[in-house]
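Trainee: I would like to see how this sequence folds:
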Amino acid sequence: MKSNEPRSTSSCAACKFLKRRCTPNCQFAPYFRSDEPKKFANVHKVFGASNVIKILNEVPHDQREDTVNSLVYEAEVRLRDPVYGCIGAIASLQRKMAELQHDLMVTRSHLAYYEAKPSSTASCSFVDYDPLNANMPSDFVDTSVSGGFLDSFSQNIFNMDQSGSTNEFGQFPFP
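Mentor: Numbering: from 1, shown residues only. Below is the predicted model of the structure:
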């Protein structure tokens, strides 16, 4: 709900939660509707009402709705995972993305191997197939994927040792 949309006569979720009267120029009303009390409760629990007002005052009017949505998301994630919060979610997604990039690279190399196989052995033979590419000639490995995102990811993601985000083995402590 944007600030230029008409409001209902009931108090916003923030004023209800704070047990105060909602004024027509309430800063919370455009973003915390009365039918979403949990939304403000989570934000208040993590950030506090005065800090939310300070944040909203520092942000241009056209970006305030996005700011509130971000605060709501960050508060919900922080309440679910008090230690890592959003960083835990981001690290989990980055790890999943690296796994998918690796799977894509392996699949492309398998595809290149089978496309380059002589047509005289058109029948599918799994005798010489090694799923770990141990028997695959290096001529058939798709090298266009290596040296790209996966290599830069593995070089950059574990350089966070100085911030304490990884353990002594260079692994993320998150699930």
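Trainee: Now do the buried residues in stretch 101-114.
Mentor: Within stretch 101-114, the residues scored as buried using 16 or more other C-beta atoms under 10 Å are 101, 105-106, 109-110, 112-113. (Glycine included, C-beta is placed from N, CA and C.)
Trainee: same question but for stretch 64-76, I mixed them up
Mentor: 64, 67-68, 71-72, 74-76.
Trainee: Pass me the low-pLDDT residue ranges in this structure, would you?
Mentor: Scanning the chain for pLDDT under 70 picks out the ranges 1-9, 119-175.
Trainee: Please repeat the previous calculation with a cut-off of 90.
Mentor: Scanning the chain for pLDDT under 90 picks out 1-11, 24-25, 33-36, 85-86, 89, 114-175.
Trainee: what about Cys86, distance to Glu65?
Mentor: 19 Å (C-beta to C-beta, to the nearest Å).
Trainee: Leu104 too?
Mentor: 36 Å.
Trainee: likewise Glu36?
Mentor: From Glu36 to Glu65 the distance is 14 Å (C-beta to C-beta).
Trainee: picking up where we left off before, just curious, which of the buried residues of stretch 64-76 is nearest to Val52?
Mentor: Leu71 (6.6 Å; C-beta to C-beta).
Trainee: my read: that closest one touches Asn51, true?
Mentor: No. Applying C-beta atoms under 8 Å, one finds Leu71 not in contact with Asn51, separated by 9.4 Å.
Trainee: In contact with Cys12: list those residues for me.
Mentor: Shown in contact with Cys12 (C-beta atoms under 8 Å, 6 or more residues apart in numbering): 22, 26, 28-29, 32-34, 40.
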